[in-house]
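A.B. asks: Please find the sequence and the predicted model below.
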Amino acid sequence: MRASRLFGAAAAAVVLMGSFSAFAKEELVSPNAWRDSEIDYEHTFSAYSLDKSAQPTYQPYYAHRLYLMPFWHFNDFFLVKARLVFEQELTDTADTSTTYKHEVTLSDLSIDTSFAGVTEPYSGIKFKGGIRWLFPTSKASQAQTMRVGIGPGVAVERVFPLLEGLTIGYSARMMFYVNKYRTAQNDSPWVSCGNDTDLAGCSQFVQSGSRNPWGELRHGPDIKLGIIPKLNFEVMFTMTNDYLYSLDGPTVLGDDKDVRVRYSQWLLATLSYDVTDYVGVSLGVSTMYGDLQPDGTYRTPFINRLSQVYVSLSILIDPTLTKAQ
């Protein structure tokens, strides 16, 4: 909570610092509309897989992922980008969310309509923004009966002349979700509703359990450092607040202590190297975790049982096609 307020205040201060002067246009050099389009192939494993004594039971996790990230630039300022991830776990952990072993799963499809950004000439601060559309192609979102997610976002960043360039930024996005029900869907209904689950009095037997969020606030800093030519380091820390639907009906025992907001964090640290103009490799650590463990205690930040180590190969479409011609 304190960290969220601190970073929020810092972001507001940065925005106010750069809001008193005129803006300068950004210049983009590549003429191709699909520039920045990328395909990534990644292998990842849980950090605790390296230590059999880290947990009471040894359950190594290993998976591979394919990221599809097309871009389309309408002009120097307006662009649309999409993101879809295919994942397949190659191990068989007990807490897997798949229906069967080695199932290929999809992430949600996100489409961003973005403003490339303008730079305030006196402070050097760049301002960017856009709207994200989220569609429920993942099983998790389908189980939550999500129809669509819509989220405006803003970001500020500043480049400093350190080594090959140091970029410090801060971004924030508020997502609003449209759900059919306020709770996640059961794996199987308690009773049969025929072909109409909206039948009066029947939905209570189909929907129950964990409440869905109606909104989600994500914000946090992002630091990028060019160490030497082609070698870059990036660390990103994102704080997430999920705002849950309120409880309906008469008050029952325990409702006064009901949690209305879920808090979680995501740390991503990546070391990347540009092998060529169109191929890059990365090594990193990703940790996405909720504040509390099942026993109610706070998780150890940064490195915990949810931390994953990954190695990825990135291919830029524009220079790859140019090279192939």
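C.D. replies: Ah, there it is.
A.B. asks: Show me which positions of the one helix or strand residue 319 maps to end up buried.
C.D. replies: If you go by DSSP states H and E, residue 319 is part of helix 317-324. Burial within helix 317-324, assessed by neighbour count using 16 or more other C-beta atoms under 10 Å, is assigned to 317-320. Backbone N, C-alpha and C define where each C-beta goes, glycine included.
A.B. asks: next one: stretch 211-230
C.D. replies: For stretch 211-230, the neighbour count (16+ other C-beta under 10 Å) marks 211-226 as buried.
A.B. asks: In strands, which of those residues fall?
C.D. replies: With DSSP state E as the criterion, strands contain 211, 213-226 from among the buried residues of stretch 211-230.
A.B. asks: and stretch 290-297, how far apart are its ends?
C.D. replies: For stretch 290-297, the first-to-last residue distance is 11 Å (C-alpha to C-alpha, to the nearest Å).
A.B. asks: Report how many residues lie close to residue 105.
C.D. replies: 19 (other C-beta atoms under 10 Å).
A.B. asks: Pull the number of nearby residues for the residue lying closest to it once chain neighbours are set aside.
C.D. replies: Once flanking residues are discounted, residue 105 sits nearest to residue 87: 5.2 Å by C-beta to C-beta, 6 or more residues apart in numbering. For residue 87, the neighbour count with other C-beta under 10 Å is 18.
A.B. asks: so which of the ones in strands among the buried residues of stretch 211-230 would you say is closest to residue 174?
C.D. replies: Distances from residue 174 to these, taken as C-beta to C-beta, are shortest for residue 217 (5.3 Å).
A.B. asks: Am I right that the closest one is in contact with residue 174?
C.D. replies: Yes: contact criterion C-beta atoms under 8 Å: residue 217 and residue 174 qualify, at 5.3 Å.
A.B. asks: what about the chain, any weak spots by pLDDT?
C.D. replies: Counting by pLDDT under 70, the chain has low-confidence residues at 1-30, 54, 94-98, 186-209, 247-258, 294-296.
A.B. asks: what are the ranges of the helices in the stretch 1-150 of the chain?
C.D. replies: 2-17, 139-143 (DSSP state H, counting those that start in this stretch).
A.B. asks: Quick check: buried residues in the last one?
C.D. replies: Buried residues in helix 139-143, counting neighbours by 16+ other C-beta under 10 Å, are found at 141, 143.
A.B. asks: Show residues contacting it.
C.D. replies: Residues from elsewhere that reach helix 139-143, judged by C-beta atoms under 8 Å, 6 or more residues apart in numbering: 97, 99, 105-106, 108, 134, 136, 184-185.
A.B. asks: Residue 245: which of those residues is nearest?
C.D. replies: residue 184 (11.2 Å).
A.B. asks: That closest one against residue 210, yeah?
C.D. replies: Yes: using C-beta under 8 Å, residue 184 is in contact with residue 210, at 5.0 Å.
A.B. asks: Neighbour count for those two, which is higher?
C.D. replies: Neighbours per residue (other C-beta under 10 Å) separate residue 184 from residue 210, with residue 184 holding more: 20 against 11.
A.B. asks: secondary structure element for that one?
C.D. replies: Under the assignment here (DSSP H and E), residue 184 is part of strand 183-185.
A.B. asks: Sheet partners, orientation included, of that strand?
C.D. replies: strand 207-211 (antiparallel) (DSSP bridges).
A.B. asks: ok now stretch 233-247, how far from the chain's centre?
C.D. replies: 9 Å (C-alpha atoms, centre = their mean, to the nearest Å).
A.B. asks: Just the CA trace of that stretch, in PDB.
C.D. replies: Extracted C-alpha coordinates of stretch 233-247, given in PDB (Å, rounded to 0.1, in the frame of the first residue of the first chain):
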ATOM      1  CA  PHE A 233      19.300  -4.400 -19.400                       C
ATOM      2  CA  GLU A 234      15.700  -3.700 -18.400                       C
ATOM      3  CA  VAL A 235      13.900  -4.000 -15.000                       C
ATOM      4  CA  MET A 236      10.200  -3.400 -14.600                       C
ATOM      5  CA  PHE A 237       8.000  -3.500 -11.500                       C
ATOM      6  CA  THR A 238       4.200  -3.400 -11.800                       C
ATOM      7  CA  MET A 239       1.700  -3.100  -9.000                       C
ATOM      8  CA  THR A 240      -1.800  -4.300  -9.600                       C
ATOM      9  CA  ASN A 241      -5.000  -3.600  -7.700                       C
ATOM     10  CA  ASP A 242      -8.000  -5.800  -8.700                       C
ATOM     11  CA  TYR A 243     -11.300  -4.200  -7.600                       C
ATOM     12  CA  LEU A 244     -14.000  -6.900  -7.000                       C
ATOM     13  CA  TYR A 245     -17.700  -6.800  -7.300                       C
ATOM     14  CA  SER A 246     -19.500  -6.100  -4.100                       C
ATOM     15  CA  LEU A 247     -21.600  -8.700  -2.300                       C
END
